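Visitor: Please find the sequence and the predicted model below.
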Amino acid sequence: MPEKPSAGESGREQHYLQVELYELLRSDDSIFDFIQSGSLDGVWYWDIEHPEQEWMSPRFWQTMGYDPSEFPHLSSAWQDIIDKDDLAVAMDNFKRHCENPDYPYDQIVRYRHKDGSTVWIRCRGLAIRDASGRPIRMLGAHSDVTQLKEAELALQAKNDELINYSYAVSHDLKGPVANALLALEVLASRCGDRLAESERQLLVGLQGSMSRMIAVINELHRIALLEGGQEQGPMEPLPVSDAVALVSHDLAEELKSSQAEIRLDSDAVVVTSRVLFIQLLYNLVQNAIKYRNKDIAPVIRIGVTPEPGYWRISVADNGIGIAEQDCGRVFDFLKRVNTDPSVPGAGLGLSFCKKAIARLGGSISVKSVLGEGSEFSFTLPRQ
């Protein structure tokens, strides 16, 4: 057996134990049997040139509860017990993998167990090619992930239950509050001129409190949807300029009344959740308008910087800023560091941003100088 490392085809030295193991695999069938039985739930080897011919290891069938001796080594033997939709996905991935070796043949498929239950299998494969690069064989491996999938499905069912509960609670809470708010508005319109100043102030305060309560309920429900994975939507290419245009449209009245200006100098296209990315920008731009300096028109600068492995998106303003000791608390749940009652808000917008960014695989931070402005920046993986 080798006593020292040898150079591989790539020029990188192979460890002597790797060389030794490969020799054992070639010379001792029991080594391969141990590897495939100890770490895999089935191995298969397919003759692509004669596609009906396929060898399946005994563990291949045993995982699905069948006696291997009852099945021939034919590719048609297992196609009656695989989910037809999953088979279509696997065949499409097989075609793509044959056309492009860098495209992985890797998917989770469902098989019907002998007892009628579903077995979830992660099926991976590698095309073996001839000297011209033409696929002639396919080596595949199975891993039983049924317990993981069942746990995932149970968790999703629990998420769905919590989201339905959130719908019910938000509806039950908002209904009475909305009715009371409507009654106060009717009272103000009919009796406002007959009320004392203190009574009018009380009425205005009650209306403001109820409006804030409705806003809190809406935000809590939106965060519940995000936690349950129902607010994200698909990952897709999105020009940042398109997202800024939509945010500008939705905030048109606030931008006009505050004379705010949004400046974007980037034609970057990010791959992200359109729903979450636009909501993130909306929250940050709206905050920049809310916490503006009353003496100057707000200027909101949105920057997009490519960095290794991710994008950095920044939203900077020239507003009132945040005290240094409060910067670490602005993302806390139901936390408002600005206590001015004239500024609307429930302390949930930035909490939502933090959760949304985490959902997208990034992070968010803030730099600020009190009285001069703030800069929120978040990262997104580059895909």
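Guide: Arrived safely.

Visitor: Tell me where this protein has strands.
Guide: Secondary structure of the chain (DSSP state E): strands at 6-7, 13-14, 43-47, 54-56, 105-112, 118-129, 135-144, 235-239, 261-264, 269-273, 299-307, 310-316, 364-369, 373-381.

Visitor: For Leu206, find the nearest of the ones you listed.
Guide: Ranking the strands of the chain by their distance to Leu206 (criterion: C-beta to C-beta) puts strand 373-381 first, at 32.1 Å. Every residue, glycine included, has its C-beta placed from N, CA and C.

Visitor: Can you tell me which helices and strands that closest one packs against?
Guide: Under the contact definition 3 or more C-beta pairs under 8 Å, 6 or more residues apart in numbering; DSSP states H and E, strand 373-381 sits against helix 274-290, strand 310-316, helix 349-359, strand 364-369.

Visitor: 10 Å instead, please
Guide: Where contact means 3 or more C-beta pairs under 10 Å, 6 or more residues apart in numbering; DSSP states H and E, strand 373-381 is packed against strand 269-273, helix 274-290, strand 299-307, strand 310-316, helix 349-359, strand 364-369.

Visitor: before we move on, back to that, make CSV from the strands of the chain and add distance to Thr63 to it.
Guide: What follows is the strands of the chain, written out as CSV (distance: least, C-beta to C-beta, whole Å):
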stretch, distance to Thr63
strand 6-7, 37
strand 13-14, 33
strand 43-47, 11
strand 54-56, 11
strand 105-112, 8
strand 118-129, 6
strand 135-144, 5
strand 235-239, 32
strand 261-264, 54
strand 269-273, 36
strand 299-307, 44
strand 310-316, 39
strand 364-369, 44
strand 373-381, 35
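
Visitor: Kindly reformat the ones you listed as JSON lines and extend each row with distance to Glu99 and mean neighbour count.
Guide: Conversion of the strands of the chain to JSON lines gives the following (distance: least, C-beta to C-beta, whole Å; neighbours: other C-beta atoms under 10 Å):
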{"stretch": "strand 6-7", "distance to Glu99": "32", "mean neighbour count": "10"}
{"stretch": "strand 13-14", "distance to Glu99": "31", "mean neighbour count": "14"}
{"stretch": "strand 43-47", "distance to Glu99": "17", "mean neighbour count": "18"}
{"stretch": "strand 54-56", "distance to Glu99": "21", "mean neighbour count": "18"}
{"stretch": "strand 105-112", "distance to Glu99": "11", "mean neighbour count": "17"}
{"stretch": "strand 118-129", "distance to Glu99": "10", "mean neighbour count": "18"}
{"stretch": "strand 135-144", "distance to Glu99": "9", "mean neighbour count": "18"}
{"stretch": "strand 235-239", "distance to Glu99": "23", "mean neighbour count": "13"}
{"stretch": "strand 261-264", "distance to Glu99": "39", "mean neighbour count": "15"}
{"stretch": "strand 269-273", "distance to Glu99": "23", "mean neighbour count": "20"}
{"stretch": "strand 299-307", "distance to Glu99": "30", "mean neighbour count": "17"}
{"stretch": "strand 310-316", "distance to Glu99": "30", "mean neighbour count": "20"}
{"stretch": "strand 364-369", "distance to Glu99": "40", "mean neighbour count": "17"}
{"stretch": "strand 373-381", "distance to Glu99": "27", "mean neighbour count": "20"}
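
Visitor: If I average pLDDT within each of those strands, which one is lowest?
Guide: Of all the strands of the chain, strand 6-7 carries the lowest average pLDDT, namely a mean of 48.

Visitor: still on that earlier bit, between the helices and strands packed on strand 373-381, which one is nearest to His249?
Guide: Evaluated with C-beta to C-beta, these place helix 274-290 nearest to His249, the distance being 10.4 Å.

Visitor: for the closest one, which positions count as buried?
Guide: Within helix 274-290, the residues that qualify as buried by neighbour count (16 or more other C-beta atoms under 10 Å) are 274, 276-290.

Visitor: Between strand 235-239 and it, find me the angle.
Guide: 50 degrees (axes from the mean of the first three to the mean of the last three C-alpha atoms, to 10 degrees).

Visitor: any idea of the mean pLDDT in helix 274-290?
Guide: The average pLDDT for helix 274-290 rounds to 87.

Visitor: what about the stretch 151-300 of the chain, any weak spots by pLDDT?
Guide: Within the stretch 151-300 of the chain, the stretches with pLDDT under 70 are 159-175, 192, 208-209, 211-233.

Visitor: That one: helices as residue ranges?
Guide: For the stretch 151-300 of the chain, the helices defined by DSSP state H, counting those that start in this stretch occupy 197-227, 240-250, 252-258, 274-290.

Visitor: can I get these in CSV with distance to His15?
Guide: What follows is the helices of the stretch 151-300 of the chain, written out as CSV (distance: least, C-beta to C-beta, whole Å):
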stretch, distance to His15
helix 197-227, 46
helix 240-250, 47
helix 252-258, 63
helix 274-290, 45
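
Visitor: how about the helices and strands packed on strand 373-381 in JSON lines, adding distance to Arg122?
Guide: Rendered in JSON lines, the data for the helices and strands packed on strand 373-381 read as follows (distance: least, C-beta to C-beta, whole Å):
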{"stretch": "strand 269-273", "distance to Arg122": "25"}
{"stretch": "helix 274-290", "distance to Arg122": "28"}
{"stretch": "strand 299-307", "distance to Arg122": "33"}
{"stretch": "strand 310-316", "distance to Arg122": "28"}
{"stretch": "helix 349-359", "distance to Arg122": "24"}
{"stretch": "strand 364-369", "distance to Arg122": "34"}
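
Visitor: looking at these, which is closest to Pro104?
Guide: Among these, the nearest to Pro104 by C-beta to C-beta is strand 269-273 (18.3 Å).
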